[in-house]
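Undergrad: got a predicted structure plus its sequence, pasted below:
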Amino acid sequence: MTPLSYAASRGHESIVSLLLDAGANPDVKDENGRAPMSAAAAAAAAAASYNSIVALLLE
(Lines give C-alpha, C1' and ligand atoms only; values in the text may rest on other atoms or scores of the structure.)
Protein backbone atom coordinates (compact mmCIF):
# COMPACT_ATOMS: atom_id res chain seq x y z
CA MET A 1 0.00 0.00 0.00
CA THR A 2 1.36 3.40 -0.90
CA PRO A 3 1.61 6.06 1.82
CA LEU A 4 -1.11 8.04 0.04
CA SER A 5 -3.42 5.03 -0.15
CA TYR A 6 -2.79 4.25 3.50
CA ALA A 7 -3.58 7.80 4.60
CA ALA A 8 -6.68 7.92 2.37
CA SER A 9 -7.99 4.60 3.64
CA ARG A 10 -7.59 5.71 7.24
CA GLY A 11 -9.30 9.06 6.70
CA HIS A 12 -6.21 11.14 7.50
CA GLU A 13 -7.17 14.20 5.48
CA SER A 14 -4.29 16.39 6.63
CA ILE A 15 -1.73 13.71 5.72
CA VAL A 16 -3.37 13.15 2.31
CA SER A 17 -3.15 16.90 1.70
CA LEU A 18 0.48 16.99 2.82
CA LEU A 19 1.42 14.06 0.58
CA LEU A 20 -0.35 15.58 -2.44
CA ASP A 21 1.34 18.95 -1.81
CA ALA A 22 4.67 17.11 -1.68
CA GLY A 23 4.01 15.62 -5.13
CA ALA A 24 2.44 12.23 -4.39
CA ASN A 25 0.70 10.90 -7.48
CA PRO A 26 -2.98 10.10 -6.77
CA ASP A 27 -3.09 7.78 -9.78
CA VAL A 28 -0.34 5.38 -8.65
CA LYS A 29 -1.80 1.99 -7.78
CA ASP A 30 -0.67 -0.19 -4.90
CA GLU A 31 0.38 -3.84 -5.12
CA ASN A 32 -3.32 -4.81 -5.21
CA GLY A 33 -4.03 -2.52 -8.16
CA ARG A 34 -5.98 0.01 -6.12
CA ALA A 35 -5.55 3.76 -6.40
CA PRO A 36 -5.89 6.00 -3.31
CA MET A 37 -9.44 6.93 -4.38
CA SER A 38 -10.43 3.26 -4.27
CA ALA A 39 -8.88 2.87 -0.83
CA ALA A 40 -10.77 5.90 0.47
CA ALA A 41 -14.05 4.72 -1.08
CA ALA A 42 -13.67 1.24 0.43
CA ALA A 43 -13.00 2.73 3.86
CA ALA A 44 -16.03 5.01 3.57
CA ALA A 45 -18.23 2.07 2.57
CA ALA A 46 -16.97 0.05 5.52
CA ALA A 47 -17.62 2.94 7.89
CA ALA A 48 -21.17 3.30 6.59
CA SER A 49 -21.70 -0.42 7.06
CA TYR A 50 -20.44 -0.25 10.64
CA ASN A 51 -22.79 2.66 11.35
CA SER A 52 -25.72 0.56 10.14
CA ILE A 53 -24.65 -2.37 12.30
CA VAL A 54 -24.32 -0.17 15.39
CA ALA A 55 -27.79 1.24 14.72
CA LEU A 56 -29.21 -2.27 14.49
CA LEU A 57 -27.55 -3.27 17.74
CA LEU A 58 -28.95 -0.21 19.51
CA GLU A 59 -32.55 -1.02 18.52
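TA: All right, it came through fine.

Undergrad: so how far is Asn32 from Ser9?
TA: Distance, Ser9 to Asn32, using C-beta to C-beta, to the nearest Å: 11 Å. For glycine as for every other residue, the C-beta is placed from the backbone atoms N, C-alpha and C.

Undergrad: got it, and Asp21?
TA: For Asp21 relative to Asn32 (C-beta to C-beta), the value is 25 Å.

Undergrad: do Arg10 as well
TA: Arg10 sits at a distance of 16 Å from Asn32 (criterion: C-beta to C-beta).

Undergrad: neighbour count: those two, which is higher?
TA: Legend: neighbour count by other C-beta atoms under 10 Å for Arg10 and Asn32, higher for Arg10 (13 against 9).

Undergrad: do you know the pLDDT at Leu4?
TA: The score at Leu4 is 91. That number is its pLDDT.

Undergrad: now swap in Asn51 and tell me
TA: Asn51 is assigned 77 on the pLDDT scale.

Undergrad: on the three-state scheme, it is what?
TA: Of the three states, Asn51 takes helix according to DSSP: H, G, I helix; E, B strand; the rest coil.

Undergrad: residues near it, how many?
TA: When neighbours are counted by other C-beta under 10 Å, Asn51 registers 10.

Undergrad: cool, Ala44 as well?
TA: Ala44, neighbours per other C-beta under 10 Å, totals 13.

Undergrad: about what we covered before: which residues are in contact with both of Ser9 and Asn32?
TA: Jointly contacting Ser9 and Asn32 under the rule C-beta atoms under 8 Å, 6 or more residues apart in numbering are Met1.

Undergrad: and Ala39, which helix or strand is it part of?
TA: Element membership of Ala39, judged by DSSP states H and E, is helix 36-58.
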